[in-house]
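> Next comes the sequence, and after it the predicted model I'd like to discuss.
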Amino acid sequence: MGFRLGELVERLGGQLEGDPNIEVIGIAPLSDAGASHISFLSNSKFRAQAGQSLAAALIVSANDDATVAESYKGARIVVKNPYVYFARAAQLFEAQTAVIKPAGVHPTAFVDPSAQIDASAHIGPKVTVDAGAVIGAGVIIDAGCYIGLEAQIGEGTHFFANVTFQAKCVIGKRGIIHSGAVIGTDGFGFANEGGVYVRIPQTGRVVIGDDVDIGANTTVDRGALADTIIEDGVKLDNQIQIGHNCVIGAHTAMAGCVGVAGSAKIGKYCTFGGAAMVLGHLTIADNVHISSGSLVSRSIHEPGQYTGFYPLAKNSDWEKSAVIVRNLETMRDKIRSLEKTIKTITKHEES
Amino acid sequence: MGFRLGELVERLGGQLEGDPNIEVIGIAPLSDAGASHISFLSNSKFRAQAGQSLAAALIVSANDDATVAESYKGARIVVKNPYVYFARAAQLFEAQTAVIKPAGVHPTAFVDPSAQIDASAHIGPKVTVDAGAVIGAGVIIDAGCYIGLEAQIGEGTHFFANVTFQAKCVIGKRGIIHSGAVIGTDGFGFANEGGVYVRIPQTGRVVIGDDVDIGANTTVDRGALADTIIEDGVKLDNQIQIGHNCVIGAHTAMAGCVGVAGSAKIGKYCTFGGAAMVLGHLTIADNVHISSGSLVSRSIHEPGQYTGFYPLAKNSDWEKSAVIVRNLETMRDKIRSLEKTIKTITKHEES
Amino acid sequence: MGFRLGELVERLGGQLEGDPNIEVIGIAPLSDAGASHISFLSNSKFRAQAGQSLAAALIVSANDDATVAESYKGARIVVKNPYVYFARAAQLFEAQTAVIKPAGVHPTAFVDPSAQIDASAHIGPKVTVDAGAVIGAGVIIDAGCYIGLEAQIGEGTHFFANVTFQAKCVIGKRGIIHSGAVIGTDGFGFANEGGVYVRIPQTGRVVIGDDVDIGANTTVDRGALADTIIEDGVKLDNQIQIGHNCVIGAHTAMAGCVGVAGSAKIGKYCTFGGAAMVLGHLTIADNVHISSGSLVSRSIHEPGQYTGFYPLAKNSDWEKSAVIVRNLETMRDKIRSLEKTIKTITKHEES
């Protein structure tokens, strides 16, 4: 097990400075790496630490290489983006040690006879696959998942244990859905008749692109009439809620506990910090970044970083500031009154 | 498939202006409806669009009908509340195309011999029904659900895949519980003994009324000694947390990610925006509306709309306002000092 | 069923004032307790109510005993901490009525032949136990749980239905994990390459100590390279998210909907109110208490109570204060300008 440096460079690129036959068995941070590891320098401020690393090899940028090479005597792989290279190398090591899930349907799974399951797919214990579902090549469905009626799962996608993927929903290739996630549940749609809610059937789907990751216990509602759309490369962390008819633009990432209300249209390359919330029917432009804990209550048309949370303080200090916030109008009125008085005084003086 | 307009009016009421034999196969929004659809006008500002609609028929209010009829030449169903009528009509179309789940227990389900399951109920694959549970007529329990000891599920209620419904909990008729929801888990109750928590058994139940919808991955805790109560017609969206011993009044609706801490008593006909939070032991009157992202930290005795979230801004602007919020006391003191100085000046001038 | 007072005192300690042969069948609050119950007085302000209680026996503190005894004529158990004593007594009553889950593996469960399951453990219906997992004595795994590859579950721990416990994760003794919780899912780690995210394999574990409770639908991510750590006695409520590489110190408690971003290190004996959020890579000292709905955006090195949420108001009042908050800089500038003007006036007057 492990890789020769020559193999790594062959697969992932980069300029190797050192012996291609050196073998490394894993990847480790600078502080922990030993003689059988490869490590990486992704932040120039750790150059000195990299110079002292015990790792057999280092992934470095061209920018850092000369300085590091002064003190570091192991092999170096010089690359454009060491952090990305680390991620890719770690994927190679992971693949090497991963337990291979056998192709085929586990005897304790239940698959409706009308479902189409590629021969190379793995359907784990206690899984249910409903009528008409289509499961592509190399798909892995772990224990206890439910795949709904006529759902479609693209090549190489992996559902961890206990995912629920409802009827007619679609996910593309190389996706990952983590345990407890629920995709395609009904959107929250009701007509109000004298205070009593009448359910509006939710007949759209959830359509998810390629290379999308969805975190544990995250929920994505199906559309009301049209579909809810998650575009390519979107990354959703755990415990996120996406309402019906939302569109999440390609390569947007959301941290844990984010909520997006129905019909919000979110651009590409956005980021949302943990527990950020977006109200319904808003439009967010591309390249917008929302800080953690911020409520987005209006559309955002300009890229940039946006924030809105109450600053934390010792409780006693917060109590004082909160009282004033509650009475800011009084404060504003006092200032106006002061301005007026002073104007009078000044005029009086001038006269 | 589809309905003749005459059938729709027979079932749902409304005054038909047009040929009762016109057949429509589905319902669509004004913008998408074609010659085989029925559409609806629920907002007068879209009257002009309705006038141009290609739909075979329109659901309109008496108020809008005359104006629409000037340009729209299809059939019209004139009703009191077009949006409610749309919801009901959509339910009819949904029922027509729904896959009928067969009565009976799927061979891969496990049902304790002491459980009582109505012959018309559907128990899906991989379901577990524990001892003494009682499942009513027409109930649908989808794949992977767990129904606890002596739990009771009323007539016509539907649990989507992978719901957990714990021991002794009760739900009434025509309810819907979405995937991943957990009802009747222990409340968060501990006695603190010198810093160490001692668990307090949670021996109450969750008792849910009729016509209640509960969203995906929502959790409702069982009561500590008494019960947690969800009254008739309550609608809970996804990812909501209801603490032990709460009472949620009839026909109250909560959007996604709301949290209600233990022993809060919430009135009837309230609404809670997404991610609103209610502290424990509070009382909220009927007809209270809480805006998204607002923390309710005190009881509310008057109906109305309540709000409390920090307004979003460009991060650089927020940083400036946040610094001032942190130091509002200083600002208040400066104003007081100014007032004092001016008073002195004014007195001096007057003397 | 039930206990004689003599038995209770024998098991739990306390000074019994009254007949040890009196039998009580359950525990109830002061207001509900009848002649077959024991009740408790944990807050001196209810002394008068305790004096009138119909309970057969009362748990009281030494401090309250004399006053209560003046009017209350039932038996009393005088203890140091009545609320803790109540919790322990309630546990005894609970154990007496609990349905005993039989040792052994349910015939509908799937256990990999290489898993080691103690003969006294209960593995419920539809459970999957993956290869190499180790399940200790007296463990209870309820229906539908998934236990991952080489996971380890300590003596006496109880997983409620539909828990997911991923590969190589570890939990100690006497733990409780509630339904829908997901432990050991991948952390949210990506390297960004020109806007596109490259997944970083998450190869650490989640390591949970003894006496830890984890609530329904709570998620705990596995570490990236190192482990995520939950120390002894930690209590997590429902719908909580703990990011990768966090450390949660012993006997810390978090209420529902809390979120902790990756690599945060939280001290011992802390408490977090509902929906509090902690940003990544922060350090929180021991004995820190965070109020509900507060975002922790910087490390906290001093014990104490910290708060940061926008105070709730009638929506119309909030709108006024929010506008001013958005423009606090203007207000500050006006005050500065006033100060300047007044200084000039004062100087002028003095001259």
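Looks like it arrived, so ask away.
> How far does stretch A:58-71 sit from its chain's centre?
31 Å (CA atoms, centre = their mean, to the nearest Å).
> go on, stretch A:318-325?
For stretch A:318-325, the distance to the chain centre is 36 Å (CA atoms, centre = their mean).
> Same check on stretch A:37-45?
24 Å.
> The closest residue in space to residue A:339 that isn't next to it in sequence: neighbouring residues, count only.
With sequence-adjacent residues excluded and distances taken as CB to CB, 6 or more residues apart in numbering or on different chains, residue A:339 is closest to residue C:338, at 6.6 Å. Where C-beta positions appear, they are placed from N, C-alpha and C, glycine not excepted. Counted by other CB atoms under 10 Å in any protein chain shown, the residues lying close to residue C:338 total 20.
> ok, residue C:338 touching residue A:337?
No. Using CB atoms under 8 Å, residue C:338 makes no contact with residue A:337, being 10.9 Å away.
> For the residue nearest to residue A:339, identify the helix or strand it belongs to.
Assigned by DSSP states H and E, residue C:338 belongs to helix C:328-350.
> Restricting to C-alpha, output that helix in PDB.
This file holds the C-alpha atoms of helix C:328-350, laid out as PDB (Å, rounded to 0.1, in the frame of the first residue of the first chain):
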ATOM      1  CA  LEU C 328     -25.600  54.500  13.400                       C
ATOM      2  CA  GLU C 329     -22.500  56.000  11.900                       C
ATOM      3  CA  THR C 330     -24.500  59.100  10.900                       C
ATOM      4  CA  MET C 331     -25.800  59.400  14.400                       C
ATOM      5  CA  ARG C 332     -22.200  59.100  15.800                       C
ATOM      6  CA  ASP C 333     -21.000  61.700  13.400                       C
ATOM      7  CA  LYS C 334     -23.800  64.100  14.400                       C
ATOM      8  CA  ILE C 335     -22.900  63.700  18.000                       C
ATOM      9  CA  ARG C 336     -19.200  64.400  17.200                       C
ATOM     10  CA  SER C 337     -20.300  67.500  15.200                       C
ATOM     11  CA  LEU C 338     -22.500  68.700  18.100                       C
ATOM     12  CA  GLU C 339     -19.600  68.200  20.600                       C
ATOM     13  CA  LYS C 340     -17.400  70.300  18.300                       C
ATOM     14  CA  THR C 341     -19.900  73.100  18.000                       C
ATOM     15  CA  ILE C 342     -20.500  73.200  21.700                       C
ATOM     16  CA  LYS C 343     -16.800  73.300  22.400                       C
ATOM     17  CA  THR C 344     -16.600  76.300  20.100                       C
ATOM     18  CA  ILE C 345     -19.500  78.000  21.800                       C
ATOM     19  CA  THR C 346     -18.100  77.300  25.300                       C
ATOM     20  CA  LYS C 347     -14.700  78.600  24.300                       C
ATOM     21  CA  HIS C 348     -16.300  81.700  22.800                       C
ATOM     22  CA  GLU C 349     -18.300  82.300  25.900                       C
ATOM     23  CA  GLU C 350     -15.200  81.900  28.100                       C
END
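> I'd like the distance between the residue nearest to residue A:339 and residue C:166.
62 Å (CB to CB, to the nearest Å).
> Check residue A:43 too.
Taking CB to CB, one finds residue A:43 at 30 Å from residue C:166.
> Which one's more surrounded, the two?
When neighbours are counted by other CB under 10 Å, residue A:43 and residue C:166 differ, and residue C:166 comes out ahead with 28 against 14.
> Look up phi and psi at the residue nearest to residue A:297 when sequence neighbours are not counted.
What sits nearest to residue A:297 in space, not counting adjacent residues and going by CB to CB, 6+ apart, is residue A:279, at 5.4 Å. Per-residue torsions, residue A:279: phi -70, psi 170 (degrees, to the nearest 10).
> How about residue A:272?
Main-chain dihedrals, residue A:272, degrees, to the nearest 10: phi -130, psi 120.
> That one: what's it in contact with?
A:252, A:253, A:254, A:255, A:258, A:278, A:289, A:290 (CB atoms under 8 Å, 6 or more residues apart in numbering or on different chains).
> For the spatially closest residue to the fourth one that is not a sequence neighbour, give me the pLDDT.
Spelled out, that is residue A:255. Spatial nearest neighbour of residue A:255, chain neighbours left out: residue A:274 (4.2 Å); criterion: CB to CB, 6+ apart. pLDDT for residue A:274: 98.
> Residue A:142 now?
For residue A:142, the predicted pLDDT is 98.
> Report the separation between it and residue A:216.
12 Å.
> ditto for residue A:158
13 Å.
> Write out the residues of the stretch 251-351 of chain A neighbouring chain C.
A:251, A:253, A:255-257, A:269, A:273-275, A:292-293, A:309-316, A:318-319, A:322, A:325-326, A:328-329, A:331-332, A:335, A:338-339, A:342, A:345-346, A:349 (CB under 8 Å from any CB of the partner chain).
> residues near residue A:81, how many?
Residue A:81: 17 neighbours (other CB under 10 Å).
> Skipping adjacent residues, who's closest to it in space?
Among residues not flanking residue A:81 along the chain, residue C:193 sits closest, at 6.1 Å (CB to CB, 6+ apart).
> what does residue A:24 give?
residue A:38 (4.3 Å).
> can you tell me which residues contact the closest residue to residue A:59 other than its chain neighbours?
Spatial nearest neighbour of residue A:59, excluding adjacent residues (CB to CB, 6+ apart): residue A:40 at 3.9 Å. Applying CB under 8 Å, 6+ apart to residue A:40 gives the contacts A:27, A:30, A:58, A:59, A:60, A:82, A:83, A:85, A:86, A:89.
> Just name the closest of those residues to chain C, please.
residue A:83 (4.4 Å; CB to the nearest CB).
> which secondary element of chain A has the worst mean pLDDT?
Within chain A, no helix or strand scores below helix A:328-350, which has a mean of 85 by mean pLDDT, DSSP states H and E.
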